[in-house]
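Enquirer: mind looking at a prediction? Sequence and model below.
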2 protein chains.
Amino acid sequence: MKNAVGREIPDELLKEGWKVYQGAGHRDGELLKKRGPRTRIGEKPQGSKLVGSLREAIQRCGLRDGMTISFHHHFRDGDYVANLVMKEVAELGIRDVTIAASSLGAAHDPIARYIEEGIVTGLQTSGIRGRMGEVVSQGRLRTPAILRSHGGRVRAIEEGEVHIDVAFIGAPTSDECGNARAVGGRSDCGVLSYAMADAEYADRVVVVTDTLVPYPNFPASIHGIDVDYVVKVDEIGDPKKIATAAARMTQNPRDLMMAETAAKVMAATPWFKDGFSFQTGAGGPSLAVNRFIEPLMRERGIRMRWAIGGITGSICELMDKGLVDAILDTQDFDVAAIEHIGKSPHHFEISASEYANPANKGALINKLDFVVLAALEVDTDFNVNVITGSDGVLRGAPGGHPDTAASARCCIIVTPLTRGRMPTVCESVVTVTTPGDCVDVLVTDYGTAVNPARQDIVECLDKAGIRHVPIKALQEKAYALVGRPDPLRWKDRVVAILEARDGSILDVVREVMPYEPL
Amino acid sequence: MKNAVGREIPDELLKEGWKVYQGAGHRDGELLKKRGPRTRIGEKPQGSKLVGSLREAIQRCGLRDGMTISFHHHFRDGDYVANLVMKEVAELGIRDVTIAASSLGAAHDPIARYIEEGIVTGLQTSGIRGRMGEVVSQGRLRTPAILRSHGGRVRAIEEGEVHIDVAFIGAPTSDECGNARAVGGRSDCGVLSYAMADAEYADRVVVVTDTLVPYPNFPASIHGIDVDYVVKVDEIGDPKKIATAAARMTQNPRDLMMAETAAKVMAATPWFKDGFSFQTGAGGPSLAVNRFIEPLMRERGIRMRWAIGGITGSICELMDKGLVDAILDTQDFDVAAIEHIGKSPHHFEISASEYANPANKGALINKLDFVVLAALEVDTDFNVNVITGSDGVLRGAPGGHPDTAASARCCIIVTPLTRGRMPTVCESVVTVTTPGDCVDVLVTDYGTAVNPARQDIVECLDKAGIRHVPIKALQEKAYALVGRPDPLRWKDRVVAILEARDGSILDVVREVMPYEPL
């Protein structure tokens, strides 16, 4: 059966109860019962939650074969917690574990081995990269990985589709009762937004910290009333590795040119006015937009009411210059942003549900004016791929991309027309991670295209004298430059399911063909 | 069947599924599944939650006969919201409504009429006073009122025993999406702690405010993701009426003498040391203890790590003098406390569940060292009554009394031996609201008694030279002064059920005999 973005979804998945994607607004206004009950335990008054080791916490939680455990990714490439826990799980002989992480990255290469050994047989995550992406794409994970956006993940947890048996929450500081914060320790990560739903809905919650502080550790990001055990380890992560290449400010002239165009597109719309709201994703050119909106804001004498999302030092700088009223932070991409939330009274930590859940009474991004995002591929239907490389191997993360694209008044994708010998703008993306009806404008180094569904934006650009072309012309230019890409060859087996925000299937990723030299 | 505090619980209630109280620690360590699912609605991106009137909000919520609605009592005697809503409910012809409020007080006298008219047929609350207490005691409410402690209420909501159809949350400030705060408006109430569970668990949530502020109103006490509608009214309450007589600092020499004794009792125990934690209830003598611990703390060179609970200006003063590290606030009893939370970075708003829920993974009061509380009556088993007057009529509120008594290391009750012609210390309290096994010390103006179960405290007092007597001696002295009270005569009908923290029946209140002049 074909879904609303034209992808063929295998019947066997539909028989398992999956639904196909039927469009971005399909569940709007639908009454949703939260089916996820929380487990609580009546703590004996004045009992202690401190346990001596990670292993003891795992054992006390009753973790056993077939269970689901969770992690957050606020330390990004500097995370130690998932590997520390998985090492104990493996040594305890526990098998058939599903990892339900907010995301997984390069830090988690060691987990690939556990997949091959059948210790890990299920993955639910936003990102999947590096060695783990390879083994999953090679069909080594026993069940299809389920990939969700940040909003989709918290929806699935709150609706009970993901049942977490034990959540392991790395926390820069905690008191002995599990009141935990993301600041104030030796390895701060700024916020714990993605872990909040885990703390509320997991049966058992273990806070893992390297800095115990006196009770009560307030204001708490993770509340002790949701925590079963607290473990002190030597180090939970390396904050220096939070800032990856994707989060660094680009100096590349091509990136800067595209960023400038994106800023001009924003300024050409009616929403670029005093009190506007804004998100930029990580990734060089989209991040660089921060730099180019500043002079445009000053010229018009306007301020940004709020910035949201993954936060970098560059948006914090705009706040410190008096151009931004509030920062609503779900994730910090660099050390400057982490330091900023610790000292600015208008830089707020928000929960993942507040940020982007499509199934609550109104996430913050529902009020978002602009989002500027990156892409690995965009096709002529404006569908975006941010998860699979041109070889079909899993190496990305939808993150907040599908959430903000679906919600913002104006979603701008910024990407070079080609990367190496591969066209970025193509006839059909390898995997749809953000549906085309959520994407409004595409800015490339060879020109800008507007989604024909957004004639209002077309008129704005025409009025502002910003040149734009049909997306087909960009695709043809890309193919003229680097040639038409060879079609990918897949095996039948589905190795990953791309879940849309509402829980339906947006696309599937199949096992890659082994490399066969001629 | 008799329960653990010796009260006869009617069989018909047990047949309805109620359990009798079996002791304070009965459910400790029991695994509790939260059965209360949250209802969510997928808001259409960028839709508005503002509606033109309270009536429109009520209609859009689909409020109809037989439903349960809720209110918080942070405005105490200055609350306008419950009456505003009930007036609309009555005018819309809706009947058979249950009010599930965090508490009800003198401000709500007008609701008594709705009880008599069958518009309100159920009451679930902590406090019940004034005209409403009278009509309920006269058997005019169609079903027994269910009275809970603050911790018991949030437990019942989270466990699904109370299902709230529509919560009406008066909020000093809100944005158009329902992000609401207790400070920053024209009528601040300090915190919205008791309303947090309502926002999370009610099917529909209406924020009622008199001060709309720009989006996003952060940090929010009530999160917009839980709110359906926002209504602006002229005034939600009168903060000047928050400070009732119960919350004013006493100048009465008898009260001050008892307060001084209570402070000395505290100082005689091993828990009165650097880093201790403390709560005082409202009520003259218990409040005055704040004044007497200050010199004792200075003498020993110790600081209080945290104060919790209903907060008054006097504990805020102790913080401002550098003697208290953190204030954990569920309710403000006076304007000084409301002003303090707006400016002190170490004065924190906490949720009712964090404060006192006996069925989560460890409420804050589980770590409490001392609580000093008032009482209407105490009996020789140390059972306390704070709900019924000597005439058997409902006129009080358990509030946090049973919660903190059960949790604190040392629970001290301060009360005069007699009030008017009535003995306060008696053979058997009219109604048990706090079980005697949770009460450690009784301080009266005629002497101090220690619960024989607490031989550790007996030894401390002996060592410190603080005189104490058997509680029986205090009761006999009281009877000698004012005579043995006539036994109350009741009708059979149960008009109110006193729920213990764990949901079992601690006691029942029966219909009072009508006054018959001789």
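Expert: That came through, no problem. Residues are numbered from 1 along each chain as shown, chains lettered A, B, ... in the order given.
Enquirer: now for the residue nearest to residue A:368 when sequence neighbours are not counted, how many residues are close by?
Expert: Nearest non-adjacent residue to residue A:368, counting by Cβ to Cβ, 6 or more residues apart in numbering or on different chains: residue A:408, 4.2 Å away. Placement of C-beta: from N, CA and C, glycine included. If you count neighbours by other Cβ atoms under 10 Å in any protein chain shown, residue A:408 ends up with 27.
Enquirer: pull the contacting residues for residue A:408.
Expert: Residues near residue A:408 by Cβ atoms under 8 Å, 6 or more residues apart in numbering or on different chains: A:279, A:365, A:368-371.
Enquirer: just confirm residue A:437 contacts residue A:23, I think it does.
Expert: Yes. With contact defined as Cβ atoms under 8 Å, residue A:437 reaches residue A:23; the gap is 6.9 Å.
Enquirer: ok, the closest residue to residue A:137 other than its chain neighbours to chain B distance?
Expert: Distances taken as Cβ to Cβ, 6+ apart put residue A:393 closest to residue A:137, at 4.4 Å, once the chain neighbours are dropped. Using Cβ to the nearest Cβ, to the nearest Å, residue A:393 is found at 33 Å from chain B.
Enquirer: kindly report the same for residue A:383.
Expert: Separation of residue A:383 from chain B (Cβ to the nearest Cβ): 20 Å.
Enquirer: how about the contacts made by that residue?
Expert: Listed by Cβ under 8 Å, 6+ apart, the contact set of residue A:383 reads A:5, A:428-429, A:432, A:434-436, A:439.
Enquirer: any low-confidence regions in chain A?
Expert: Along chain A, the parts satisfying pLDDT under 70 run over A:25-46, A:244-248, A:515-518.
Enquirer: count the neighbours of the closest residue to chain B within the stretch 51-200 of chain A for me.
Expert: For the stretch 51-200 of chain A, the residue closest to chain B is residue A:177, as judged by Cβ to the nearest Cβ, at 5.6 Å. For residue A:177, the neighbour count with other Cβ under 10 Å is 27.
Enquirer: next, it: secondary structure please.
Expert: coil (DSSP: H, G, I helix; E, B strand; the rest coil).
Enquirer: name the nearest residue to it, ignoring sequence neighbours.
Expert: residue A:224 is the one closest to residue A:177 (Cβ to Cβ, 6+ apart), at 3.9 Å.
Enquirer: quick one: that neighbour from residue B:153, how far?
Expert: Residue A:224 sits 20 Å away from residue B:153, going by Cβ to Cβ, to the nearest Å.
Enquirer: look up how far chain B lies from residue A:311.
Expert: From residue A:311 to chain B the distance is 14 Å (Cβ to the nearest Cβ).
Enquirer: follow-up on the earlier one: run through the residues that contact the residue nearest to residue A:177.
Expert: Going by Cβ under 8 Å, 6+ apart, the list of residues near residue A:224 reads A:49, A:175, A:177-180, A:216, B:354, B:361-362, B:364.
Enquirer: same question for residue A:505.
Expert: Residues in contact with residue A:505 (Cβ under 8 Å, 6+ apart) are A:3, A:7, A:9, A:13, A:18-21, A:497-499.
Enquirer: cutoff 6 Å now
Expert: Counting by Cβ atoms under 6 Å, 6 or more residues apart in numbering or on different chains, residue A:505 touches A:9, A:18, A:20, A:497.
Enquirer: which of these sit farthest apart?
Expert: A:20 and A:497 (11.3 Å; Cβ to Cβ).
Enquirer: more crowded one of those two?
Expert: Set residue A:20 next to residue A:497 and count neighbours by other Cβ under 10 Å: residue A:497 wins out with 21 against 18.
Enquirer: CA atoms of the helix or strand hosting that one as CSV?
Expert: Residue A:497 belongs to strand A:490-499 when elements are defined using DSSP states H and E. Extracted in CSV, the C-alpha atoms of strand A:490-499 (Å, rounded to 0.1, in the frame of the first residue of the first chain):
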residue,chain,number,x,y,z
TRP,A,490,18.1,-3.2,-2.0
LYS,A,491,17.3,-6.6,-0.6
ASP,A,492,13.7,-7.1,0.4
ARG,A,493,14.2,-7.1,4.1
VAL,A,494,13.1,-4.0,6.0
VAL,A,495,15.8,-3.0,8.4
ALA,A,496,14.3,0.3,9.6
ILE,A,497,10.9,1.9,9.8
LEU,A,498,10.7,5.7,9.5
GLU,A,499,7.8,6.7,11.7
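Enquirer: tell me the strands in the stretch 251-400 of chain A, going along the chain?
Expert: With DSSP state E, counting those that start in this stretch as the criterion, the stretch 251-400 of chain A has strands at A:276-280, A:304-311, A:324-332, A:347-349, A:370-373, A:377-379, A:384-385.
Enquirer: distance of the residue nearest to the spatial centre of chain A from residue B:421?
Expert: Nearest to the mean C-alpha position of chain A, counting by Cα atoms, centre = their mean, stands residue A:399 at 1.7 Å. From residue A:399 across to residue B:421, the span is 72 Å (Cβ to Cβ).
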